[in-house]
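# no sequence on hand, only this structure:
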Ligand code: F6R
């Protein structure tokens, strides 16, 4: 995610751009930049770091002009740096562009543009768009943008500025948001409403494939074929703070709803278009590389650790490589048996968790190859690891991790398929089947998010109980661990997760009348055994909420309530079964009046041991 803004009107553009970007920092904050047309030429100022670094720079030598665009970045292609910050310019400096999204075919375009003599100054995918418009321009800005759109593939919200036509901004979008704020003698463009709400409440929300020519007095919207589109004015009636959360009450629920997109983006460019397999441009391993890995050690904390447990099941089953999973704070102190035949996989949303970073350094010291899975480009863990796979979840603001977890699971699944295919332990047909199921997941998550009322009701019904148990077998147990962590950290309800077969070895003593038990039963190979465990807790008068696969009519006979998830391959069920558990935790916390986004005693990034 990134945040973009644009201004055209009678006022100075820079103050509006900086103010608007400050409202979009939740979309990204590793670098920022603005471009302003001063009446003669376009000046660009950009800087790595939070927005205040740029603001200070602009303060010391203000950029003057009434036309401008700005960007706050969350790095995807290219680490956070001055050069990689947006706006990006072409070779002449006449075209400037800001972008939110991923240009999937940028490498191919870049090669072609370099062959034609274009000089690139950044590692970003976005810069190709600036050079492409230079290449396409023959005196007509609008026609050039249309030609660019014919050639780029991927997701984008783009705003263009052209020095030769300084009476307009042109913007367009595909799969990433863009709104146009309608003013009196001035107009605004932004990724999201908070950036413009202080100036106008009248907006056009652009749809995919639409393009707008924005002047100070008019906004022309058309489709890709150039056919005019009549837009309805959307009047914003939220307050500014709610607008920052996109109208959601909390960042956590907003991020839960962002999961279809986050999951889709994390698969982008990695899942072969014909579903024949998985590629990782960032790895490019050979058969010899994979043959050299005799053991995998996964190290992480909290939710990321739970993603690692799912990863163990997947990698052991599909790639037949033994996997150990450790919490990072324990790893260093148990003299782990790690050597140059071990691949250590470090999972961390923030890329800054101190224990995880220390574990990574320890693994390197012991001679292990290291691979980080993180959400933050250029983070300490990303920099320290031999190789990195990024999750494309966008910034996660709520302390409780949701979209980072599901995207970590996507990477674990992709990695297991990649390794299994390379090693020959995963048959081509099975790989294809898994890829097809992966591709379905964003729609299936969306489907789950459309029907939250029953979950809300359970949360209201059981939200004031003091103990809750989560049980499951195999992959369901891994998800139970995450469900219980989510519930306890934001609702402060005491929650425990157990491998369902373990209950009778002690915990069953705690199951008394009315205790809620969340029982996950999505794994066919242990299904009958799971039903027996459900009967055990029902016999002690627990209230059981079963999580089952759509089409399973049996489970309803044994539980008090059932939540169904769409059917998918057994290895991918965690990506769906965790969604109702996130929602249950969220609504329980809301019912109890807890501070959902900032639970007591916790912080988003844990940089102490
Ligand atoms: C729980 C949660 C934490 C983090 C943990 C590791 O919802 O968010 O358990 O997963 O602190 O953080 P990262 O992934 O940033 O290393």
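Now that the structure is in, tell me what you want to look at. All of these numbers come straight from a predicted model, not from anything done at the bench. Numbering: from 1, shown residues only.

# C-alpha only now, for contacts and for neighbours.
Fine.

# in contact with the most centrally placed residue in the chain, which residues are there?
The centre of the chain sits closest to residue 393, judged by C-alpha atoms, centre = their mean, with a distance of 0.9 Å. The contact partners of residue 393, by C-alpha atoms under 8 Å, 6 or more residues apart in numbering, come to 1, 259, 262-263, 265-266, 375, 403-404, 407.

# show me which of those has the smallest pLDDT value.
Within the set of those, pLDDT is lowest for residue 1 (71).

# ok, the residue nearest to that residue when sequence neighbours are not counted to the ligand distance?
Distances taken as C-alpha to C-alpha, 6 or more residues apart in numbering place residue 394 nearest to residue 1, at 4.8 Å, with adjacent residues excluded. Distance of residue 394 to the ligand, computed by C-alpha to the nearest ligand atom, to the nearest Å: 13 Å.

# and residue 417, by the same measure?
Taking C-alpha to the nearest ligand atom, one finds residue 417 at 23 Å from the ligand.

# quick one: least confident helix or strand in the chain?
Sorting the helices and strands of the chain by mean pLDDT, DSSP states H and E puts helix 240-244 at the bottom, at a mean of 67.

# just the buried subset of the contacts of residue 393, please.
Buried members of the contacts of residue 393, counted by 16 or more other C-alpha atoms under 10 Å: 1, 259, 262-263, 265-266, 375, 403-404, 407.

# residues in contact with the residue of the chain most remote from its centre?
Most distant from the centre of the chain: residue 539, at 41.8 Å, with distances by C-alpha atoms, centre = their mean. Going by C-alpha under 8 Å, 6+ apart, residue 539 touches no other residue.

# likewise residue 161?
Residue 161 neighbours (C-alpha under 8 Å, 6+ apart): 68-69, 95-97, 168-170.

# ok, the residue of the stretch 401-550 of the chain found nearest the ligand - how many residues close by?
Residue nearest to the ligand within the stretch 401-550 of the chain (C-alpha to the nearest ligand atom): residue 401, separated by 3.9 Å. Residues lying near residue 401 (other C-alpha atoms under 10 Å) number 21.

# leaving out sequence neighbours, find the closest residue to it.
residue 303 (6.8 Å).

# what is the burial count for the one you found?
For residue 303, using other C-alpha under 10 Å, the count is 23.

# repeat for residue 536
Neighbours of residue 536 (other C-alpha under 10 Å): 17.

# got it, and residue 138?
10.

# quick one: it is in a strand?
No: assessed with DSSP: H, G, I helix; E, B strand; the rest coil, residue 138 is coil; it does not lie in a strand.

# so what's it up against?
residue 144 are the contacts of residue 138 under C-alpha under 8 Å, 6+ apart.

# name the residues of the protein found near the ligand, please.
Contact residues (C-alpha under 6 Å from any ligand atom) of the chain with the ligand: 301-304, 348-351, 353, 399-401, 486, 605-606.

# which residues of the stretch 501-609 of the chain fall in helices?
Counting by DSSP state H, counting those that start in this stretch, the segments of the stretch 501-609 of the chain that form helices are 527-539, 573-591.

# pick the most buried one from those helices.
Comparing the helices of the stretch 501-609 of the chain by mean neighbour count (mean count of other C-alpha atoms under 10 Å), helix 573-591 ranks first with a mean of 24.

# next one: that one to chain centre, how far?
17 Å (C-alpha atoms, centre = their mean, to the nearest Å).

# just to revisit the earlier point, how about the contacts of residue 393 in TSV, adding distance to residue 510?
Formatted as TSV, those follow (distance: C-alpha to C-alpha, whole Å):
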residue	distance to residue 510
1	45
259	35
262	39
263	37
265	43
266	41
375	39
403	32
404	33
407	34
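
# ok so, going back, so which of the buried ones among the contacts of residue 393 belong to helices?
259, 262-263, 265-266, 403-404, 407 (DSSP state H).

# could you pull out the helices for the stretch 151-300 of the chain?
Using DSSP H, counting those that start in this stretch, helices in the stretch 151-300 of the chain cover 240-244, 251-257, 259-267, 287-291.

# how far off centre is the second one?
With C-alpha atoms, centre = their mean as the basis, the distance from the averaged C-alpha position of helix 251-257 to the chain average is 11 Å.

# now swap in stretch 442-460 and tell me
19 Å.

# show the low-confidence segments of the stretch 51-200 of the chain, by residue range.
Scanning the stretch 51-200 of the chain for pLDDT under 70 picks out no residues.
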